[in-house]
Each structure stands twice: as structure tokens, then as C-alpha cells.
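J.: missing the sequence, but the structure's below:
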């Protein structure tokens, strides 16, 4: 295969790519992240994330009775927005504190593929207890295999998210204790 064909196919998103990425992530995420092209760009990871977000939104709407259009917008914005936010925070942490050089598109790809594959099951009530740890394990694998971080660096980045999550959950609880 010539370089121009690889570049052209790498930049396009298709249903075939979605199925290929999905089977790669479910079968061997380590190999999938290791085989990601050096300059993946945004189109394929964002397309994968968008397709999974659409599935998540549609499946979640089977459980939602009131204001379905508003809830669909909120679900889509959350699914896509949180992926960009977590990738952005990780990018800042990696480049500023660890001095590691990588492109944002590469790190975004790790988050998009990891989040996208877990969205297919996260609409099921109480599955968040399975899909969230699974997503973060996939992110750690992607950081090590796809971004060139070592395991210690990946764990440090993910621990920061756990601490942020803990304090964000602690805020409403402590506020309710203070108010009552």
C-alpha cells in the first residue's frame, strides 16, 4: 500500500473503520493502540466518539420519559464534551509536569476510543460501576502503548483524575451536610 493511500484512508471515517476500531478495542486494546498511526488526526477518533455517543444517547432515551430532546442534547454534550475535557486536562498534565512531547490529537484519540467503546454498555443502569473503571484502564493502556508513557506516568495521571472525582463528589455531600 502506498503512503498516499494510507494517508487518505487514515483521514477518512467510515462505518467500516468504526467496526474495525470497535473490534480492535474489544479484542486487543494494547495492540490497537500500538498500531495507531503516528499522526492520527481528529477525524477518525471524533467519528468513532460521535457514533458511540449517538448509540449511547439513543439507547439512554429508551429509559427517559420526560423531555427526551433536552435529555438527548445533554447526553450528547456530556459524552463528547467530557472526552475533550479529560483529554485536555491530561494533555496539560503530560506536557507541563512530565515534559513529555506529544500531539493533542494523539492523546485525544486514546480518550475517544476508550470512551467510545465503553459507551456501548454505559447506558445500562448501574453499569457505570463496570464501564468507568474499564474506560480508565483502556486510557492507561492507550497512554502506555499509544503515547509512549511508562506505567508509572499513566498511573500518576489517572490518580489525579480519581482525586478530582473524589473532591467533586465530596463537594455536594459536604454542602448538603452544611445546609441541613
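T.: Structure received. Quantities reported herein were computed from a predicted structural model and do not represent experimental measurements. Numbers count the residues shown, from 1 in each chain.
J.: alpha carbons only for contacts and neighbour counts from here, please
T.: OK.
J.: Check what pLDDT residue 139 gets.
T.: pLDDT, the model's per-residue confidence, is 92 for residue 139.
J.: ok, the closest residue to residue 118 other than its chain neighbours - contacts?
T.: Distance criterion C-alpha to C-alpha, 6 or more residues apart in numbering; nearest residue to residue 118, sequence neighbours excluded, is residue 131 at 5.6 Å. Residue 131 makes contact with 118-119, 121-122 under the criterion C-alpha atoms under 8 Å, 6 or more residues apart in numbering.
J.: Could I get the average pLDDT for stretch 70-88?
T.: pLDDT averaged over stretch 70-88 gives 90.
J.: got the contact list for that stretch?
T.: Contacts for stretch 70-88 (C-alpha under 8 Å, 6+ apart): 49-50, 53-54, 56-58, 61, 64, 104, 107-108, 111-112, 115.
J.: Low-confidence stretches in this structure?
T.: Within the chain, the ranges that satisfy pLDDT under 70 run 1-11, 161-180.
J.: quick one: residue 57 from residue 66, how far?
T.: Residue 57 is 14 Å from residue 66, where distance means C-alpha to C-alpha, to the nearest Å.
J.: Give me the more crowded residue out of the two.
T.: For residue 57 and residue 66, the more surrounded residue by other C-alpha atoms under 10 Å is residue 57, and the numbers stand at 23 against 9.
J.: any idea how far the more buried one lies from residue 79?
T.: Applying C-alpha to C-alpha, the value for residue 57 to residue 79 is 9 Å.
J.: quick one: the helices in this structure?
T.: In order along the chain, the chain carries the following helices (DSSP state H): 3-11, 15-27, 29-34, 43-60, 68-97, 104-122, 128-145, 151-179.
J.: So which of those helices is the most surrounded?
T.: Neighbour counts (mean count of other C-alpha atoms under 10 Å) averaged over each of these peak at helix 104-122, with a mean of 24.
J.: now it: how far from the chain's centre is it?
T.: A distance of 3 Å separates the centroid of the chain from that of helix 104-122, by C-alpha atoms, centre = their mean, to the nearest Å.
J.: Same check on stretch 128-148?
T.: Using C-alpha atoms, centre = their mean, the offset of stretch 128-148 from its chain centre is 8 Å.
J.: How about stretch 37-54?
T.: Between the centre of stretch 37-54 and the centre of its host chain there is 10 Å, according to C-alpha atoms, centre = their mean.
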